[in-house]
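Engineer: When you get a sec, could you give me coordinates for this:
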Amino acid sequence: MSRNAPSETALRVAGLSQSADNLFSLRSNPEELAEMARALDLLSLRKLSFEGRVIPLGGSDWQLEGHLGATVVQSCVVTLEPVTTRIETKVLRQYVLDYADPEEPEAEMPEDDTVEPLGSWIDPGQVMMEALALALPDYPRKGDADLGQVVLTEPGKAAMTDEDAKPFAGLAALRKALDKDKE
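Structural biologist: Residues are numbered from 1 along each chain as shown. Presented below is the predicted three-dimensional model:
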């Protein structure tokens with residue numbers, strides 16, 4: 001890898017202290033927030049901060065520990081109205097020198113998804129963007145938004161509702177009728 005940092009937030013592993021915390025604190029300016037909002041398909045990204053440290057983990061490995069805070073605005077999946085969400089999450093990554101990717105085409109994912117291969121650089125800015133993308137609500141929804149129910153049928157026929165489609169609804173009605181006959 002070249003001597004030039006992949007980004008201005010990247011930390012060169014060879015320059016990290018083995019005896020003290022390597023602290024970082026990232027705050028995005030309005031232009032960076034707008035660019036990240038576009039990249040993540042957000043209506044807006046109001047605030048974003050990522051603070052933490054990179055510490056040695058054994059003789060050759062490193063661990064990034066951080067706290068991500070963000071305020072995001074997404075479209076409601078029901079009404080398309082803006083939904084504002086505050087995200088607060090802890091972030092952990094371990095960078096391992098002897099990391100080996102599974103080589104089989106259909107290998108199972110490892111249980112510990114915080115482990116990554118150690119390269120020449122550790123980039124808290126890249127980790128911040130990944131952690132934000134993973135923390136975003138998949139289906140943002142306004143509190144009172146209701147999907148409702150659509151009922152379609154052929155003209156002249158009774159529409160089938162969700163209740164009608166439940167497999168044991170008819171059996172419960174039959175059981176009640178049989179119980180009444182026994183009495």
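
Engineer: Output the biggest helix by length in the chain as PDB - backbone C-alpha positions only.
Structural biologist: Using DSSP state H to define each element, the chain has its longest helix at helix 169-182. Provided in PDB are the C-alpha atoms of helix 169-182 (Å, rounded to 0.1, in the frame of the first residue of the first chain):
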ATOM      1  CA  ALA A 169     -60.800 -19.400  11.800                       C
ATOM      2  CA  GLY A 170     -63.400 -21.700  10.200                       C
ATOM      3  CA  LEU A 171     -62.600 -24.500  12.500                       C
ATOM      4  CA  ALA A 172     -63.100 -22.300  15.600                       C
ATOM      5  CA  ALA A 173     -66.500 -21.300  14.300                       C
ATOM      6  CA  LEU A 174     -67.400 -25.000  13.600                       C
ATOM      7  CA  ARG A 175     -66.200 -26.000  17.100                       C
ATOM      8  CA  LYS A 176     -68.500 -23.300  18.700                       C
ATOM      9  CA  ALA A 177     -71.400 -24.600  16.700                       C
ATOM     10  CA  LEU A 178     -70.700 -28.200  17.700                       C
ATOM     11  CA  ASP A 179     -70.400 -27.200  21.400                       C
ATOM     12  CA  LYS A 180     -73.800 -25.400  21.200                       C
ATOM     13  CA  ASP A 181     -75.300 -28.600  19.700                       C
ATOM     14  CA  LYS A 182     -74.000 -30.700  22.600                       C
END
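
Engineer: could you give the mean pLDDT of that helix?
Structural biologist: Average pLDDT, helix 169-182: 75.

Engineer: next one: stretch 96-113
Structural biologist: Taken as a whole, stretch 96-113 has an average pLDDT of 68.

Engineer: end-to-end on it?
Structural biologist: For stretch 96-113, the first-to-last residue distance is 12 Å (CA to CA, to the nearest Å).

Engineer: now do stretch 73-81
Structural biologist: 10 Å.

Engineer: gap between His67 and Lys157?
Structural biologist: When distance is defined by CB to CB, to the nearest Å, His67 is 58 Å away from Lys157. C-beta: built from backbone N, CA, C; applies to glycine.

Engineer: ok, these two, which is more surrounded?
Structural biologist: Ranked by neighbour count (other CB atoms under 10 Å), His67 and Lys157 place His67 first, with 13 against 7.
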